[in-house]
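Let's see this in three dimensions:
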Amino acid sequence: MEFCDGGDLLKKINMQRGVPFREEEILDLFVQICLGLKHIHDKKVLHRDIKCQNIFLTNGGMKAKLGDFGIARMLNNSMDLARTCVGTPYYLSPEICESRPYNNKTDVWSLGCVLYELCTLRHPFEGSSLRQLLGKICRGRYAPVPTRYTHELRLLVNQLFKVNPRDRPSISSVLQRPFLQKHISKHHQVLTLPFKQCLDMTCSGWNPNAGELWHTVCSDWMDGWKHDPKVTYCALWVTKSWR
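Residues are numbered from 1 along each chain as shown. This is a model prediction of the structure:
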């Protein structure tokens, strides 16, 4: 398992000490998270706990890796709905707060929370009690993103926070935004790790509670490598954090 020497995204945000991130830096990190999320959504996997503490950093805090699949869930297809109430309260979607069935759009909401934190250095939804917090989430009421950021970025945050999951964009749709393209092209590169190293990184630390999930991701990765040693993957490798 790779060591992420930059800590997690929450640590990076706290280190700003109130100084806003540049938009270029926000988008650079954001597209890496999106690329990792798209990879697992394409495999019909819900992460269900997207938050700043589960986004790990390397290369001086500039490369992001999605981790902690401890409560991830596989769906048979993209239209399937999960029903278990899981996740971290600040990042819960309205449908989970209301105990309604949900799909991968709940990860998109949580992604919006992460993007908002990068823009404002605070949570979009806060309350003095859990009940008050959940009420704000269900109404979709939050302070606007500062106007120092572009209209495109502020509009994206707004769309990720649509209360009705059907109105939220898919992760594939998010990645098609023109203003993200230069960042996306920067983070596509050829996988060049030796086969055994890939095997060790993806299959060690077996978690019996998520065996089927991780076996699927691992098998797909290994099959791609065996058929084409230069298969292209995004630079944000999907990692795990269980022991």
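
show me the biggest helix of this structure in terms of residues.
Criterion DSSP state H: the longest helix present in the chain is helix 23-42.

Average pLDDT for that helix, rounded please.
For helix 23-42, mean pLDDT rounds to 90.

Note down every partner strand of the helix or strand just after it and its orientation.
Note on helix 23-42: by DSSP states H and E, the next helix or strand toward the C-terminus is strand 45-46. Sheet pairing of strand 45-46 (DSSP bridges) gives strand 73-74 (antiparallel).

State the distance from residue 63 to residue 142.
Noted for residue 63: a distance of 29 Å to residue 142, by CB to CB, to the nearest Å. C-beta coordinates here come from the backbone N, C-alpha and C atoms, glycine included.

same thing with residue 38?
Remark: distance between residue 38 and residue 142 (CB to CB) = 25 Å.

do residue 42 as well
For residue 42, the distance to residue 142 equals 29 Å [CB to CB].

go on, residue 14?
20 Å.

between those two, which one's more packed in?
Each of residue 14 and residue 142 has its neighbours counted (other CB atoms under 10 Å); residue 142 has more, 19 against 13.

How about that one: what's its closest non-neighbour residue?
Take residue 142 and drop its neighbours on the chain: the residue closest to it by CB to CB, 6 or more residues apart in numbering is residue 124, 4.2 Å away.

The one you found touches residue 113, doesn't it?
Yes. Using CB atoms under 8 Å, residue 124 is in contact with residue 113, at 5.7 Å.

Show me where the protein dips below the pLDDT cut-off.
1-6, 59-62, 67-88, 188-243 (pLDDT under 70).

mind running it again at 90?
Applying pLDDT under 90 to the chain flags the ranges 1-11, 36-92, 96-104, 107, 127-131, 182-243.

domain ranges for this structure?
Here the domain assignment for the chain is 9-187, 189-234, based on automatic domain parsing.

returning to what we had before: on contacts alone, who are the packing partners of the longest helix of the chain?
Other helices and strands packing on helix 23-42, by 3 or more CB pairs under 8 Å, 6 or more residues apart in numbering; DSSP states H and E, are strand 63-66, helix 105-120, helix 151-160, helix 171-174, helix 181-186, strand 232-234.
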